[in-house]
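S.K.: sequence unavailable; structure follows:
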């Protein structure tokens, strides 16, 4: 089995470029070197008008954290001085380094002088390994010891002195290859999620308008205002003295709770809870479970977040709820709400606002029966569940990379033999289920 396969199976990505984790078959000594003796900055600058037209990379062309190149431009259209890079160099954005912009180009070209163009100091060091060094917390922490407030820039004289453990070249290459495999897995999951989202969007446009009917359903769709299927309820004021409590039967949702982990699809967790006696004292409207909740005041309207509540709850006066009656299917109405851009119908004042009347009078075509609404909602819910599962795998893959970069970039932990029943053909299982065992690698890095 290849070293690449072993690491992918064990899924241990921020430890590799630190030496805490070792790949099977590597036990040579590590040396500790300052960054300035591992990599250097290419100093060549050039007027893009003075050379043949080549690809040029600007800071905004690199996606933060992932390192992916989003686009490039032709150098012939540039006027300012540019830095020169060759294929395999490492670009690190020195302007606002907290944005974590780094890239490993596969072609020769030019780039903004706001990048450091990094390359190995000699043939004993792999540029691919350097690419992962610049992603470590240790490197980024020093790079963010910046000068300037509005336009902070990393200072090379601070970074070049950082001591960093370095394995022999063959192990550098294997570690970089393993981390590249995890990056590829993350990218493939992101592409799959984007594809599935596009498919769901297309399905919503067809199923929620009657352009496509599910098998077994016929009859003309009927035109109705949204208010025909339910009622709107505004939230209540929430005095500060009652906030911050975790005990109580009613979650009291505020706009900020939309961002809570676990609330991506369903409002399940609140930062505040109240007892029934407090709800009565505040004269709160109790919002029934599976209502549709959204922001009605301020910039939060334009975020277009519409969620159902998992439990009976209260909401603050910056929010509104739509409770579906017996005529409609609540999940179908939720998907329909998600197709309506509230930002296009708000009252245009200094403080944007939205009323139940504005939303309720919107007229749409609806399936002639509640059962068809339910069937459509079921199809879209299945798509949501698939997206939720893929998103969980993506987050796990990202965490695995962080774990690998913490373990295997220090050389203190090495991987050992895995179980025989493991299915090596499933990349998702590779991330989610691979058994992990460690043995301490006690040899301290040598100073060199």
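M.R.: Looks like it came in fine. Please read all numbers here as calculations on a predicted model, not as lab measurements.
S.K.: please count neighbours and contacts with C-alpha atoms only from this point.
M.R.: OK.
S.K.: low-confidence ranges in the stretch 1-150 of the chain?
M.R.: 1-28, 147-148 (pLDDT under 70).
S.K.: where do the helices sit along it?
M.R.: 3-10, 127-133, 137-143 (DSSP state H, counting those that start in this stretch).
S.K.: let me see the mean pLDDT of the next helix-or-strand element following the last one.
M.R.: Next helix or strand after helix 137-143 toward the C-terminus (DSSP states H and E): helix 156-159. When the per-residue pLDDT values of helix 156-159 are averaged, the result is 94.
S.K.: can you mark which positions in helix 156-159 are buried?
M.R.: 156, 159 (16 or more other CA atoms under 10 Å).
S.K.: how far is that helix from where the chain is centred?
M.R.: Distance of helix 156-159 from the chain centroid (CA atoms, centre = their mean, to the nearest Å) equals 30 Å.
S.K.: by contact count, what packs against it?
M.R.: Packing contacts for helix 156-159, counted by 3 or more CA pairs under 8 Å, 6 or more residues apart in numbering; DSSP states H and E, involve helix 137-143.
S.K.: which strands and helices sit next to the helix it packs on?
M.R.: Counting contacts by 3+ CA pairs under 8 Å, 6+ apart, helix 137-143 is packed against helix 156-159.
S.K.: list the contacts of the helix it packs on.
M.R.: 35, 36, 139, 142, 143, 145 (CA atoms under 8 Å, 6 or more residues apart in numbering).
S.K.: mind listing what the helix or strand just after that helix pairs with, with the direction of each?
M.R.: Using DSSP H and E, the helix or strand that follows helix 156-159 towards the C-terminus is strand 163-166. Strands that pair with strand 163-166, judged by DSSP bridges, come out as strand 31-34 (antiparallel).
S.K.: can you map out the strands along the stretch 1-150 of the chain?
M.R.: Listed in chain order, the strands of the stretch 1-150 of the chain (DSSP state E, counting those that start in this stretch) span 14-15, 31-34, 39-41, 45-46, 55-57, 73-74, 82-85, 90-93, 102-103, 109-111, 115-120.
S.K.: enumerate every residue touching the residue nearest to residue 332 when sequence neighbours are not counted.
M.R.: Nearest non-adjacent residue to residue 332, counting by CA to CA, 6 or more residues apart in numbering: residue 377, 4.8 Å away. The contact partners of residue 377, taken as CA under 8 Å, 6+ apart, are 331, 332, 335.
S.K.: swap the cut-off to 10 Å and go again
M.R.: Counting by CA atoms under 10 Å, 6 or more residues apart in numbering, residue 377 touches 204, 207-208, 329-336, 371, 383.
S.K.: would you mind measuring from it to residue 284?
M.R.: 30 Å (CA to CA, to the nearest Å).
S.K.: circling back: mind picking the two most distant members of the contacts of residue 377?
M.R.: Across those, the longest distance by CA to CA is 18.8 Å; it joins 371 and 383.
S.K.: these two: who's more crowded?
M.R.: residue 383 (17 against 13; other CA atoms under 10 Å).
S.K.: which ones are touching the residue nearest to the spatial centre of the chain?
M.R.: Centroid-nearest residue in the chain: residue 395, 7.5 Å away (criterion: CA atoms, centre = their mean). Each residue near residue 395 by CA under 10 Å, 6+ apart is listed here: 186, 189, 401.
S.K.: residue 262 versus the residue nearest to residue 332, what's the distance?
M.R.: Distance, residue 377 to residue 262, using CA to CA: 21 Å.
S.K.: same deal with residue 210?
M.R.: In terms of CA to CA, residue 210 sits 32 Å off from residue 262.
S.K.: so which of those two has more stuff around it?
M.R.: residue 210 (15 against 12).
S.K.: against residue 361, how distant is that one?
M.R.: Between residue 210 and residue 361 the computed distance is 20 Å (CA to CA).
S.K.: cool, and residue 402?
M.R.: Noted for residue 402: a distance of 50 Å to residue 361, by CA to CA.
S.K.: who's more crowded, these two?
M.R.: Set residue 402 next to residue 361 and count neighbours by other CA under 10 Å: residue 402 wins out with 21 against 13.
S.K.: ok, that one to residue 408 distance?
M.R.: 10 Å.
S.K.: residue 280 too?
M.R.: Distance from residue 280 to residue 408, by CA to CA: 57 Å.
S.K.: picking up where we left off before, so what pLDDT did the residue nearest to the centre of the chain get?
M.R.: The model's pLDDT for residue 395 equals 93.
S.K.: again, but for residue 407
M.R.: The model's pLDDT for residue 407 equals 84.
S.K.: I'd like to know how many residues surround it.
M.R.: Neighbour tally, residue 407, other CA under 10 Å: 25.
S.K.: do the same with residue 220
M.R.: Neighbours around residue 220, by other CA under 10 Å: 12.
S.K.: per-residue pLDDT of it, please?
M.R.: 95.
S.K.: for the nearest residue to it once chain neighbours are set aside, phi and psi?
M.R.: Leaving aside its chain neighbours, residue 220 sits nearest to residue 368 (6.5 Å; criterion: CA to CA, 6+ apart). Dihedral angles of residue 368 (phi, psi; degrees, to the nearest 10) stand at phi -70, psi -20.
S.K.: right, I'll call it a day here.
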